[in-house]
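[1] Sharing a model that was predicted from the sequence below.
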Amino acid sequence: MRFWLNTFAVITLPGLLTACGGNGEAKSATEREAANTPDELNALFRREAKLPKSTSVKVESAGFEAEFPSADKPVVEIGDGFTHILFSLGTEEPAQCFFYNDTVDAGQSMTKMLAGLRGNVEFTHVAPYRISTAQGLPLVFIEGRYLADSEQGKVAGSIKLGITPRFVTPVLCFLDEPGYADTFASAMTTVAESIRVAEPKAEPVYSEIWGISIEDTPVGYQMLQVHDAGDGTVTAISLSASFIPTGPGELSTSDNVSVIQSDSSGVLKGTFLEVEGTEVSHDLSMTRQGKTGYVVSGKMQGKEIKSQFKAPTLSDDVAFYRYLQKNRGKSGKVTVLEFAPSLDPTAPSKVTYELDGPNNTVSHSVGDVSSKSKLGEAGLPETMILPIGVRELKGAVIHRQGSL
């Protein structure tokens, strides 16, 4: 199992603060300016509220419908490539959601959003605070605390961002208001769980989502979906995104996407894309020629590459999971070849899996990097630990459905 071994609307801060305009902004500013002592500021950032009753909104032109917990009637605005909906949680500022017509990358979207705000505020803290799921897809929440100029001096603020990178109608929401972190997360979860689209994608035969953390801080997710074509081939879609706090007010993001088609003989073809922040690290395609030959082409760090290699059998996540299920409860070791561009874009890497039946674990090693996973009743990994220096990267399954 590979765990990180490897048209977006940017809204400026004035747009966030004045989107609903009027009395809400004035009340919000008054409360922020009145909070001066540490206790008053802490109370401001601890505020929560009960969700209002949900209202259904159908946007026929965009082909979706969703439920919004809102004290007022949600306001719908149709943009170029997105639908913008404002709704009230009973807070001073409105919550806002963007429903996009095309797919978006979670990490890149958050990077662009935060970059669009930095010219207006000074971020003092940016970090994920929750990673969950909705309709079998990842849902990530990030809070950015900031200082902004006002007539009375510096005013503390907080923006909560949430994104679910759906294949159809992805959604990004935000609330620019100190406190209400759990309220906002619950509200967006309600929206994301209720989305109905006119043309849903084919359901996978198997799907799982892992939440990843470092020292109990959520830092990302990895999703695997397997689609069966019914002709002996399967397609595994793997999405991962990381959101790593790197300093006061700084967040490093990355997105990884791979689509691999395989059959009983091994991998047939694949595409691989990695984006660090907003820069493409690699964009590669791989095809099998004959029984054992592979050709890799595309770009790596902006440079064109093309390579060929031979592999008697090239393995992937589906083959690994089937191996685990076939050998459930047994002990043994197997070394396979897998293609991971972040390790080597020109050749496959040797990966060793060691099963420990009595302890119900499997170790995964590539070179001198090794992780260990605890297996569940179905014989598949449930938790994972990967040492990183003196710290540990931990993973846990937060969604699993279907079978292989």
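    All right, it came through fine.
[2] only C-alpha atoms for contact and neighbour calcs from this point on.
    Will do.
[3] okay, now the nearest residue to M384 once chain neighbours are set aside: neighbour count?
    In this structure, M384 finds its nearest non-sequential neighbour in S373, 4.2 Å apart by Cα to Cα, 6 or more residues apart in numbering. Using other Cα atoms under 10 Å, S373 has 22 neighbouring residues.
[4] who does I163 bridge with?
    Applying DSSP bridges to I163 gives these bridge partners: V140, L172.
[5] Low-confidence stretches in this protein?
    The model of the chain has pLDDT under 70 over residues 1-36.
[6] Could you check how far the residue most central in space within it is from V57?
    In the chain, the residue lying closest to the centroid (Cα atoms, centre = their mean) is A241, at 4.7 Å. As judged by Cα to Cα, to the nearest Å, A241 and V57 stand 30 Å apart.
[7] can you check F141 too?
    According to Cα to Cα, F141 stands 23 Å off from V57.
[8] These two: which has the busier surroundings?
    Set F141 next to V57 and count neighbours by other Cα under 10 Å: F141 wins out with 24 against 17.
[9] The residue nearest to the centre of the chain pairs with what?
    Under the criterion used (DSSP bridges), A241 bridges to Y221, D255.
[10] From what I see, it and N256 are in contact.
    Yes. With contacts counted by Cα atoms under 8 Å, A241 reaches N256, the gap being 6.3 Å.
[11] Sketch out the helices for the stretch 301-404 of the chain, chain order is fine.
    317-326 (DSSP state H, counting those that start in this stretch).
[12] can you give me the strands for it?
    With DSSP state E, counting those that start in this stretch as the criterion, the stretch 301-404 of the chain has strands at 303-310, 314-315, 332-338, 349-356, 361-366, 369-375, 381-388, 391-402.
[13] so which of these comes closest to P218?
    Closest to P218 of those is strand 391-402 (Cα to Cα; 9.3 Å).
[14] wouldn't L147 be in contact with A156 here?
    Yes. Under the criterion of Cα under 8 Å, L147 makes contact with A156 at 4.7 Å.
[15] Just send the strands of the stretch 301-404 of the chain back as TSV, with distance to G293 too.
    Putting those into TSV (distance: least, Cα to Cα, whole Å) gives the following:
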stretch	distance to G293
strand 303-310	5
strand 314-315	10
strand 332-338	13
strand 349-356	15
strand 361-366	22
strand 369-375	27
strand 381-388	31
strand 391-402	33
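[16] what's the distance between the one helix or strand K112 maps to and the middle of its chain?
    Here K112 sits within helix 106-118, counting by DSSP states H and E. Offset of helix 106-118 from its chain centre (Cα atoms, centre = their mean, to the nearest Å): 14 Å.
[17] Not counting sequence-adjacent ones, nearest residue to S194?
    Per Cα to Cα, 6+ apart, closest to S194 is A66, 5.2 Å.
[18] let me redo that: Q96
    L86 (4.5 Å).
[19] Also V59?
    With sequence-adjacent residues excluded and distances taken as Cα to Cα, 6+ apart, V59 is closest to E65, at 6.0 Å.
[20] do you know how far that neighbour is from N256?
    Remark: distance between E65 and N256 (Cα to Cα) = 29 Å.
[21] Also Y323?
    Computed as Cα to Cα, the Y323 to N256 distance reads 24 Å.
[22] So for the two, which sits in the more crowded spot?
    Per other Cα under 10 Å, whichever of Y323 and N256 has more neighbours is N256, with 23 against 14.
[23] so the more buried one sits right up against T271, yeah?
    No. Applying Cα under 8 Å as the test, N256 and T271 come out as separate, 10.8 Å apart.
[24] Could I get the contacting residues of the nearest residue to S242 once chain neighbours are set aside?
    Once flanking residues are discounted, S242 sits nearest to G220: 4.2 Å by Cα to Cα, 6+ apart. Contacts for G220 (Cα atoms under 8 Å, 6 or more residues apart in numbering) come out as I131, V140, G211, I212, S213, S240, A241, S242, F243.
[25] where's the third one, which helix or strand?
    In this structure, G211 sits in strand 206-214 according to DSSP H and E.
[26] Give me the sheet partners of that strand and which way each runs.
    So strand 206-214, judged by DSSP bridges, has these partners: strand 217-228 (antiparallel), strand 391-402 (antiparallel).
[27] So which of those is nearest D344?
    strand 217-228 (20.4 Å).
[28] Quick one: distance of the closest one to the chain centre.
    Centre to centre, stretch against its chain (Cα atoms, centre = their mean), the figure for strand 217-228 is 8 Å.
[29] Next, the angle helix 317-326 makes with it.
    Angle of strand 217-228 versus helix 317-326, following axes from the mean of the first three to the mean of the last three Cα atoms, to 10 degrees, is 90 degrees.
[30] Can you check what angle separates strand 217-228 from helix 106-118?
    In terms of direction (the same axes, to 10 degrees), strand 217-228 departs from helix 106-118 by 140 degrees.
[31] got the buried residues for strand 217-228?
    T217, P218, V219, G220, Y221, Q222, M223, L224, Q225, V226, H227, D228 (16 or more other Cα atoms under 10 Å).
[32] do the same with stretch 101-117
    Under the neighbour-count criterion of 16+ other Cα under 10 Å, stretch 101-117 has 101, 104-114, 116-117 buried.
[33] coming back round to it: just list whatever residues bridge to the residue nearest to V59.
    Going by DSSP bridges, E65 is paired in beta bridges with K58, R196.
[34] can you give me how far stretch 69-81 is from the chain middle?
    Remark: stretch 69-81 is offset 24 Å from the chain centroid, using Cα atoms, centre = their mean.
[35] how about the nearest residue to M286 once chain neighbours are set aside, phi and psi?
    Spatial nearest neighbour of M286, excluding adjacent residues (Cα to Cα, 6+ apart): V296 at 4.4 Å. V296 adopts backbone torsions of phi -110, psi 130, taken as degrees, to the nearest 10.
[36] that older thread, and the strands paired with strand 206-214 as a markdown table, adding distance to H282?
    Putting the strands paired with strand 206-214 into a markdown table (distance: least, Cα to Cα, whole Å) gives the following:
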| stretch | distance to H282 |
| --- | --- |
| strand 217-228 | 18 |
| strand 391-402 | 24 |
